[in-house]
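Student: let me see the structure of the following:
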Amino acid sequence: MRRQLRKFLPDQATIRANRWLAPFQNTLLHPRLWDLNRHSAAGGVAAGMFCGLIPGPLQMLGAAICAVIFRVNLPLALLTTLYTNPFTIVPLYLVAFAIGQAILPDGDQRFIAPPRFADHELVEWTRATLDWMIGLGAPLALGLVLLAGGLALAAYFLVKAAWRIHLIRAWRRRGMRRRT
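Tutor: As a prediction, the model looks like this:
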């Protein structure tokens, strides 16, 4: 599994060669941020899932900060934030709003339709989306935190389980080869 993931992830040489990241090399080149094992992979995916629901273009920055703080796989944390995009963010926010509305005692606030991307340019749409989110208030904020936490926990345990299943199958295949 490690070999397959390494095909898609950048390496430390890419960070060293980037002049914009030079001031942060001591932090970004820490070995645990690039180590790929079941613990760092699960943590990286969980960090990316949690930070993927951060509004606006701050998702990857949040995932990078979480990866540095928790010393989990940085490339996986950044890559995982891509599960949110203009097509998936609105349904995810609808779910978050519903969660927040169900938990809050005064959760009878009415849902307002999100701005359509076709009606605006990117900058205007981003501003309109932010205004839309602020208008939804407390149910959305609470729902986002709870949904992000739930997605992060689920992703963490799913990656650990998938890695474990992969290892067990590899051990069995290796044992079968030794017997023949």
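Student: C-alpha only now, for contacts and for neighbours.
Tutor: Will do.
Student: so where's the chain uncertain?
Tutor: For the chain, residues meeting the criterion pLDDT under 70 lie at 1-12, 15, 21-22, 26, 107-112, 117, 120.
Student: ok, longest helix in it?
Tutor: helix 138-179 (DSSP state H).
Student: packing partners for it?
Tutor: Judged by 3 or more C-alpha pairs under 8 Å, 6 or more residues apart in numbering; DSSP states H and E, the packing partners of helix 138-179 are helix 38-51, helix 89-103.
Student: buried residues in the last one?
Tutor: Neighbour-count burial for helix 89-103, with 16 or more other C-alpha atoms under 10 Å as criterion, is recorded at Val90, Leu92, Tyr93, Leu94, Val95, Ala96, Phe97, Ala98, Ile99, Gly100, Gln101.
Student: out of the residues you listed, which is nearest to Asn37?
Tutor: Leu92 (29.3 Å; C-alpha to C-alpha).
Student: in space, what's closest to the residue nearest the centre of the chain - neighbours in sequence excluded?
Tutor: Nearest to the geometric centre of the chain sits Gly48, at 2.0 Å (C-alpha atoms, centre = their mean). Excluding its sequence neighbours, the residue lying closest to Gly48 (C-alpha to C-alpha, 6 or more residues apart in numbering) is Ala77, at 4.2 Å.
Student: thought that neighbour was touching Gly52?
Tutor: No: counting by C-alpha atoms under 8 Å, Ala77 stays clear of Gly52, with 9.4 Å between them.
Student: okay, and the common contacts of these two?
Tutor: Met60, Ala63 (C-alpha atoms under 8 Å, 6 or more residues apart in numbering).
Student: the two - which one has more neighbours?
Tutor: Ranked by neighbour count (other C-alpha atoms under 10 Å), Ala77 and Gly52 place Ala77 first, with 32 against 29.
Student: and the more buried one, how far from Ala64?
Tutor: For Ala77, the distance to Ala64 equals 7 Å [C-alpha to C-alpha, to the nearest Å].
Student: check which residues of the host helix or strand of Glu124 are buried.
Tutor: In this assignment (DSSP states H and E), Glu124 forms part of helix 122-136. For helix 122-136, the buried set under the neighbour-count rule, 16+ other C-alpha under 10 Å, comprises Trp125, Thr126, Ala128, Thr129, Trp132, Met133.
Student: tell me what angle the longest helix of the chain forms with helix 122-136.
Tutor: 110 degrees (axes from the mean of the first three to the mean of the last three C-alpha atoms, to 10 degrees).
Student: make 51 the starting number, not 1.
Tutor: In the new numbering, first residue 51, that becomes helix 188-229.
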